[in-house]
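Colleague: sequence and computational prediction follow.
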Amino acid sequence: MGYHLAMQITSGTIVDGKVVVEGLSLPEGTLVTILARGDEVAVRLQPQQEADLLDALDEADCEEGISAEELFIRLRRFG
């Protein structure tokens, strides 16, 4: 699987087993990635994996970041 610089983020709803997205038209056969919210699927981690993940989240919270606006400005340089 490759990564493409021209990406879009949107939300949709499952209707009759299919993802329905309003306001976005994609060509037939477009490859999409779906991230589902909710607690239908639980991720089980070993205690050490959970500790590592929590440490990484704490470290990420301490690091200085950039705004979404700045992120999009930087990404536009590539596309």
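Modeller: Looks like it arrived, so ask away.
Colleague: measure the nearest residue to Thr13 once chain neighbours are set aside to Phe72 for me?
Modeller: Spatially, and ignoring its direct neighbours in sequence, Thr13 is nearest to Val20 (5.4 Å; Cβ to Cβ, 6 or more residues apart in numbering). Where C-beta positions appear, they are placed from N, C-alpha and C, glycine not excepted. Val20 sits 26 Å away from Phe72, going by Cβ to Cβ, to the nearest Å.
Colleague: same deal with Val19?
Modeller: Relative to Phe72, and taking Cβ to Cβ, Val19 is found at 24 Å.
Colleague: check Asp61 too.
Modeller: 22 Å.
Colleague: quick check: phi and psi at the one residue sitting closest to the centre of the chain.
Modeller: Here the mean C-alpha position of the chain is nearest to the C-alpha of Leu35 (Cα atoms, centre = their mean), at a distance of 6.2 Å. Backbone torsions of Leu35, given as degrees, to the nearest 10, read phi -110, psi 120.
Colleague: can you check the pLDDT for it?
Modeller: pLDDT, Leu35: 73.
Colleague: so what touches the longest helix seen in the chain?
Modeller: Longest helix in the chain by number of residues, with DSSP state H as the criterion: helix 47-62. Outside helix 47-62, the residues within contact range by Cβ atoms under 8 Å, 6 or more residues apart in numbering are Leu45.
Colleague: for the next helix-or-strand element following that helix, packing partners?
Modeller: As assigned by DSSP states H and E, the chain's next helix or strand after helix 47-62 is helix 68-76. Helices and strands touching helix 68-76, as assessed by 3 or more Cβ pairs under 8 Å, 6 or more residues apart in numbering; DSSP states H and E, are absent.
Colleague: so Val19 and Phe72 - more neighbours on which side?
Modeller: Val19 (13 against 10; other Cβ atoms under 10 Å).
Colleague: you'd agree that one is in a helix?
Modeller: No - using DSSP: H, G, I helix; E, B strand; the rest coil, the assignment for Val19 is strand, not a helix.
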